[in-house]
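Trainee: here's my sequence, what's the structure:
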Amino acid sequence: MISILQIQEALQLLKKGQVIAYPTETVYGLGADATNVKAVQKIFDLKGRSDQAPISVLIHSLEILPKYVKPFPMRAQELVDQYWPGPLTLVFQAKENVFSKELLAGTGKIGIRISNNPIALKLCQEFGLPITTTSANPSGKNPAHTTQEIQKYFSDSSLLSGLIDGGTRKSKEISTVLDVSSEPFKIRRASNRKHTLCLRKK
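Mentor: Coordinates of the predicted model:
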């Protein structure tokens, strides 16, 4: 069985380069220190994820965004102001020597969002560094909405050190992904029709 964690226990594991599962506003995610190369590799191994597929991150504050991304268009700032915190991942040009090439999958771009889930947000605030946010499931399987599904997926793996129980995630959506690294912006994953229509009007 995978251990159920309190937030402070989860933070200690993140600091040690371990992987945890935690609730977001949509589904459960797999979290690790996004600036730790070995921790990021554990995420890829745990999911059986292609190294050609980049992993997005959560941050806790708009003020720290410039630490991780290059300057971006004013239109992107408007989207940030309107939709964050919330289930919109924006893909930016990453600053050099901040994230590993493994996390970026060689694209030079990083997907970032601020979660409005209080547990995910508190984790980011107290950890202080970006945390990976990729759905808690093996690649090709459905995202986990409950701790029971996480146990079913990963109970035989030593790579997942514990999980935070945030109850059943009732959203049927995962975050919309919009690439704002150049214009025109490109919708990489359209998860919510109303959300997407709003983005197309921008």
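Trainee: quick one: the helices in the protein?
Mentor: Here the chain has its helices, by DSSP state H, at 7-15, 37-47, 74-83, 101-104, 118-127, 147-154, 193-201.
Trainee: CSV for those, including distance to L90, mean pLDDT and mean neighbour count?
Mentor: C-beta: built from backbone N, CA, C; applies to glycine. Formatted as CSV, the helices of the chain follow (distance: least, CB to CB, whole Å; pLDDT from 0 to 100; neighbours: other CB atoms under 10 Å):
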stretch, distance to L90, mean pLDDT, mean neighbour count
helix 7-15, 23, 98, 17
helix 37-47, 20, 96, 19
helix 74-83, 6, 90, 14
helix 101-104, 15, 92, 18
helix 118-127, 16, 98, 18
helix 147-154, 27, 98, 18
helix 193-201, 10, 52, 12
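Trainee: just send these back as JSON lines, with distance to S182 too.
Mentor: Output for the helices of the chain, formatted as JSON lines (distance: least, CB to CB, whole Å):
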{"stretch": "helix 7-15", "distance to S182": "32"}
{"stretch": "helix 37-47", "distance to S182": "25"}
{"stretch": "helix 74-83", "distance to S182": "10"}
{"stretch": "helix 101-104", "distance to S182": "16"}
{"stretch": "helix 118-127", "distance to S182": "27"}
{"stretch": "helix 147-154", "distance to S182": "36"}
{"stretch": "helix 193-201", "distance to S182": "16"}
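Trainee: any idea how far I7 is from the residue nearest in space to the middle of the chain?
Mentor: Centroid-nearest residue in the chain, with CA atoms, centre = their mean: T133, separated by 1.9 Å. From T133 across to I7, the span is 16 Å (CB to CB, to the nearest Å).
Trainee: which phi and psi does the residue nearest to the centre of the chain have?
Mentor: T133 has phi and psi values of phi -140, psi 90 when expressed as degrees, to the nearest 10.
Trainee: OK, contacts around it?
Mentor: Going by CB atoms under 8 Å, 6 or more residues apart in numbering, T133 touches T24, G29, L30, G31, I55, S56, V57, L58, R113, S115, A120.
Trainee: out of these, who has the most neighbours?
Mentor: G31 (30 neighbours; other CB atoms under 10 Å).
Trainee: quick one on the thing from earlier: out of the contacts of T133, which sit inside strands?
Mentor: G29, L30, G31, V57, L58, R113 (DSSP state E).
Trainee: what is the neighbour count of the closest residue to the third one other than its chain neighbours?
Mentor: Here the nearest residue to G31 in space, its sequence neighbours aside, is I131; by CB to CB, 6 or more residues apart in numbering that works out to 4.6 Å. The tally of other residues near I131 (other CB under 10 Å) stands at 26.
Trainee: mind listing what I131 touches?
Mentor: L14, G31, A32, D33, A34, V57, L58, L123, C124.
Trainee: closest one of those to N142?
Mentor: Closest approach between the contacts of I131 and N142, by CB to CB: G31, at 19.0 Å.
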